[in-house]
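**Q** Sequence and predicted model, in that order:
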Amino acid sequence: MFTHTLIAVDFSASWPVLKNRIQQLQSWGVEHVTLAHVLSSRYPSIPQQADRDYFSNKLATLADELK
């Protein structure tokens, strides 16, 4: 099985379900998870730098929950 996986995160309300699934990956042999923030194609505009900082901080918070 894979030891490293990339997970796309969009900060939707489904995060608790996704978080639970990510935690289950360890039992399948996954040792390292990389979280990547993705924007919906319906995002209203090109993200500004402030948006990027906000999303980076939020992604770091979610990663801390998984440690």
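**A** Yep, that arrived.
**Q** so how far is Ser45 from Met1?
**A** Per CB to CB, to the nearest Å, Met1 is found 40 Å from Ser45. All C-beta spots, glycine's among them, are computed from the backbone N, C-alpha and C.
**Q** Please apply the same query to Gln23.
**A** Distance, Gln23 to Ser45, using CB to CB: 34 Å.
**Q** Could you check which of these two has the larger neighbour count?
**A** Gln23 (13 against 6; other CB atoms under 10 Å).
**Q** pLDDT score for that one?
**A** We have a pLDDT of 90 for Gln23.
**Q** and what of Thr34?
**A** pLDDT, read off for Thr34, is 94.
**Q** Please apply the same query to Val38.
**A** So, for Val38, pLDDT stands at 86.
**Q** what do you get for the one 3 residues further on?
**A** In the predicted model, Ser41 carries a pLDDT score of 74.
**Q** Does it belong to a helix, a strand or coil?
**A** At Ser41 the chain is in coil, as set by DSSP: H, G, I helix; E, B strand; the rest coil.
**Q** What is the burial count for it?
**A** Count around Ser41 with other CB under 10 Å applied: 5.
**Q** And it, how far from Pro47?
**A** Applying CB to CB to Ser41 and Pro47 gives a distance of 13 Å.
**Q** quick one, helices of the chain?
**A** 15-24, 49-66 (DSSP state H).
**Q** who wins for proximity to Leu35 among the ones you listed?
**A** For the helices of the chain, the distance to Leu35 is smallest for helix 49-66, at 5.5 Å, taking CB to CB.
**Q** For that closest one, what is the distance to the chain centroid?
**A** Distance of helix 49-66 from its chain centroid, counting by CA atoms, centre = their mean, to the nearest Å, is 9 Å.
**Q** That one versus helix 15-24: what angle between them?
**A** Per axes from the mean of the first three to the mean of the last three CA atoms, to 10 degrees, the angle that helix 49-66 makes with helix 15-24 is 50 degrees.
**Q** in helix 49-66, what counts as buried?
**A** Residues Phe55, Leu62 are the ones in helix 49-66 that count as buried (16 or more other CB atoms under 10 Å).
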